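**Student:** What follows is a predicted protein model with its sequence.
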Amino acid sequence: MNGMQNNNTKYSREEELLQINAAKADPARFAVLYDHYYKPIFLFIHHRIRDKQLSGDLTAQVFLKAMINLGKYRDQGHPFSSWLYRIASNEVNMYFRQSKRESDIEVKESDAVEMMEEINELYSEENCTLILEALAELPEELNVLIELRFMQKLSFLEIAGMYNITEANAKMKVYRALEKLKQKFNERRGRK
């Protein structure tokens, strides 16, 4: 695996930087980065697009752009995955703009339970429905923040890298999104 661990494990910052620099020097070495990050980037895109073929096409576009622009990548203390997620997010947004479709994020029950715990609500079938409805009412930017943290399981550092902000600022943005989600949840519960 050319010094990288398998796709399901994270590796050290030093290993990551070595692989990036190797790929900058020899584009054939980009395959190691591609192999390591393909699955999480594909899942991120598929989670929003929900079309396997199209998700694969967009994922290929993400890695093509990453490979072409790797020379411009500068380490700013964020994981490399943040840069890839930013490219992926831009590709998804461009797809939705061009196709005039709305994003329709798929939420697993376990993700809904985790969000309910985060806003201090007990799990029930009704609460699960309400949280999903509340999530659908949030602006796209807040929806994406919640998706990245709870469905994609990204760290605050990875989210910070996507938005080119500090880790503390990323944490603040996610918790503000959760507050807005809780507000929408309570509004919906009040209507029932």
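**Tutor:** In hand now; what should we look at? Numbering: from 1, shown residues only.
**Student:** Give me the buried stretch members for the strand or helix carrying residue 44, please.
**Tutor:** Per DSSP states H and E, residue 44 falls inside helix 30-49. Of the residues in helix 30-49, 30, 32-34, 36-38, 40-42, 44-49 count as buried by neighbour count, 16 or more other Cβ atoms under 10 Å. C-beta here means a position set from N, CA and C on the backbone, and glycine is covered the same way.
**Student:** how about low-confidence regions in this structure?
**Tutor:** Within the chain, the segments meeting pLDDT under 70 span 1-10, 100-109, 191-192.
**Student:** Report the central residue of it.
**Tutor:** Closest residue to the average C-alpha location of the chain: residue 148 at 3.9 Å, with Cα atoms, centre = their mean.
**Student:** Name the SS class of the nearest residue to that one once chain neighbours are set aside, please.
**Tutor:** In this structure, residue 148 finds its nearest non-sequential neighbour in residue 154, 4.7 Å apart by Cβ to Cβ, 6 or more residues apart in numbering. Put simply, residue 154 is coil when judged by DSSP: H, G, I helix; E, B strand; the rest coil.
**Student:** what's the spacing between residue 63 and residue 179?
**Tutor:** Shown here: residue 63 relative to residue 179, a distance of 35 Å by Cβ to Cβ, to the nearest Å.
**Student:** which helices and strands sit right next to the longest helix along the chain?
**Tutor:** Ranked by number of residues, the top helix in the chain under DSSP state H is helix 167-191. Applying 3 or more Cβ pairs under 8 Å, 6 or more residues apart in numbering; DSSP states H and E, we find helix 167-191 packed against helix 109-118, helix 125-137, helix 140-146, helix 156-163.
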